[in-house]
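**Q** here is my input, please return the structure:
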Amino acid sequence: MTIPIDYRPTRVLTIRHLIAMVYRRKLIVLGFFLCALGGGYLGLKIVSPVYRSTAQVMVNLGQEDVFMPVLPSSSSEVRTPLAGMQLEQRANSEVRIIQSQPLAAQVVAKFGPAGLFPGIDVQHPWYTPRGLMQQAIELYRQIGYYFYPQSANETLTDRATDRLQRGLKTELVKDSKVIEVSMDNAVPEIAASSLNELLHLYLQERTALYQRETDDFFDRQLAKQLADLQVVNRQLEAFRTQNKVLDVDSQREALLHRLAEVDASAQGEAIAVTGVQKRIGALQRQMQDNPTLTPVLRTDLLRTQAELPPHQDALANWTRIKADLTSQVEALNKVQSESAQLLQQQRVLQDNRKLYLQKVEETRIQQAMRKAQFGDVVIVNWGVPNYAPVSPKLGMVLGGVVAVGIIGGIGLALLLGLIDDRISNAEDVVEATGLPVIGRVGVQRLPPARIG
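**A** Numbers count the residues shown, from 1 in each chain. All right, here's what the predicted structure looks like:
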């Protein structure tokens, strides 16, 4: 018997009613639970377990990389400001290098796609679980090729490289200098070997990169400075040959000293000429004032006049020599400016060459330390095979299957009970009609009667 919904009173659900609905449909709950177990088992068989191998890389930050002033902190210790930020930036740079696509491509090129991911090139039958998964993945790729035609050029090596990068995980350990590098793979030994090969390539590439950035740079700079120094030396030699000087400063000092001596001699002769001229004038005035003394004064005048020409000639000679020396000093001043510029260039180039030679030696020592793995990046622990899968975890899968089976089965039973409008007992009659049940009529089945 079925009562239309419009004429049925509102059903009041209690915990007792819910438990009764679940109990009446216990087979449905059990069936759903068994289906969940079967689905979990099938999923574990389809999905391959993932194993993880982990290595540790330590990044050092020495004084050759950054200089920080030491400042006192609130405690008795000392701290270097921004050192932590500098280390984090350096570690993040190393992480980017490890995760780079070229390194992953080199690992794939060495092992091969099938060597890293066994079965990546195997086509399973379509009716098998793995085959169905491959069909679904292929359908997804075809949809991607339709919208992005360029992605259709992806090769098996590209797929393996992308899969390797997705399985590679790096993490900077908090409050430390250590970077944890892990590799996920379906085979524990392949996970460890591919991770170690990646770190080997990382160290080699890093060393080669450092050598390219330092050796070539210093070699080019040294060669350029040597060529510039040779040009300046040739210019300096040509300048000295052309001007017939070896040491401009000493020659200028000698000329100035000689000029001072000549100037002193010229001044002495000028004083002597002036003194003789004054004596001549005095004698001439005396001859005019004392005619009686004229013969004696004339004799002194003639003798004094005879002394004047030698002093005048000497003064003219010293004046000519002074003029020549002055012109030589002026010319030498111009020469000194050019010579000082050339000498300054020579000293600068020589000092720079010494500094670069010292830097080259320091670089050679650092490269030797890097090759010996005593540099600023050290592999603390290499990857080893780990036979405990990280995905899927059996405990979590079983817990999820049990939870889904129980909760889903109970939910399905409750849903079917709520939408079921059939009357199967006295409680349904009361809920459907709102009338009490007075009695119950039982029907007894009789055995079939015999005929004849």
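**Q** gap between Ala20 and Glu307?
**A** Ala20 sits 158 Å away from Glu307, going by C-beta to C-beta, to the nearest Å. Heads up, the C-betas are built off the backbone N, CA and C, glycines and all.
**Q** Asn386 and Pro188 touch, don't they?
**A** Yes. Using C-beta atoms under 8 Å, Asn386 is in contact with Pro188, at 5.9 Å.
**Q** what's the overlap in contacts for the two?
**A** Tyr51, Ser53 (C-beta atoms under 8 Å, 6 or more residues apart in numbering).
**Q** got any ranges where the stretch 51-200 of the chain has weak pLDDT?
**A** Counting by pLDDT under 70, the ranges of the stretch 51-200 of the chain that qualify are 61-87.
**Q** now the helices for the chain?
**A** Remark: helices assigned in the chain by DSSP state H are 15-24, 26-46, 83-98, 101-111, 113-116, 129-147, 156-167, 188-243, 248-289, 294-371, 394-419, 426-433.
**Q** including mean neighbour count and distance to Gln56, could these go into JSON lines?
**A** Formatted as JSON lines, those follow (neighbours: other C-beta atoms under 10 Å; distance: least, C-beta to C-beta, whole Å):
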{"stretch": "helix 15-24", "mean neighbour count": "13", "distance to Gln56": "53"}
{"stretch": "helix 26-46", "mean neighbour count": "14", "distance to Gln56": "31"}
{"stretch": "helix 83-98", "mean neighbour count": "15", "distance to Gln56": "12"}
{"stretch": "helix 101-111", "mean neighbour count": "18", "distance to Gln56": "18"}
{"stretch": "helix 113-116", "mean neighbour count": "18", "distance to Gln56": "22"}
{"stretch": "helix 129-147", "mean neighbour count": "12", "distance to Gln56": "35"}
{"stretch": "helix 156-167", "mean neighbour count": "17", "distance to Gln56": "18"}
{"stretch": "helix 188-243", "mean neighbour count": "15", "distance to Gln56": "10"}
{"stretch": "helix 248-289", "mean neighbour count": "15", "distance to Gln56": "64"}
{"stretch": "helix 294-371", "mean neighbour count": "14", "distance to Gln56": "18"}
{"stretch": "helix 394-419", "mean neighbour count": "15", "distance to Gln56": "27"}
{"stretch": "helix 426-433", "mean neighbour count": "15", "distance to Gln56": "67"}
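**Q** how near is the closest residue in space to Val273 that isn't next to it in sequence to Ala266?
**A** Once flanking residues are discounted, Val273 sits nearest to His311: 4.6 Å by C-beta to C-beta, 6 or more residues apart in numbering. His311 sits 11 Å away from Ala266, going by C-beta to C-beta.
**Q** equivalent analysis for Glu205, please.
**A** Applying C-beta to C-beta, the value for Glu205 to Ala266 is 80 Å.
**Q** one more: Tyr23?
**A** On the measure of C-beta to C-beta, Tyr23 and Ala266 end up 139 Å apart.
**Q** and Gln312, by the same measure?
**A** In terms of C-beta to C-beta, Gln312 sits 12 Å off from Ala266.
**Q** kindly report the same for Thr294.
**A** Applying C-beta to C-beta to Thr294 and Ala266 gives a distance of 36 Å.
**Q** go on, Trp318?
**A** In this view, Trp318 and Ala266 are 4 Å apart by C-beta to C-beta.
**Q** pretty sure His311 contacts Val276?
**A** Yes. The pair His311 / Val276 is scored as a contact, 6.1 Å apart, by C-beta under 8 Å.
**Q** many thanks, I have nothing further to ask.
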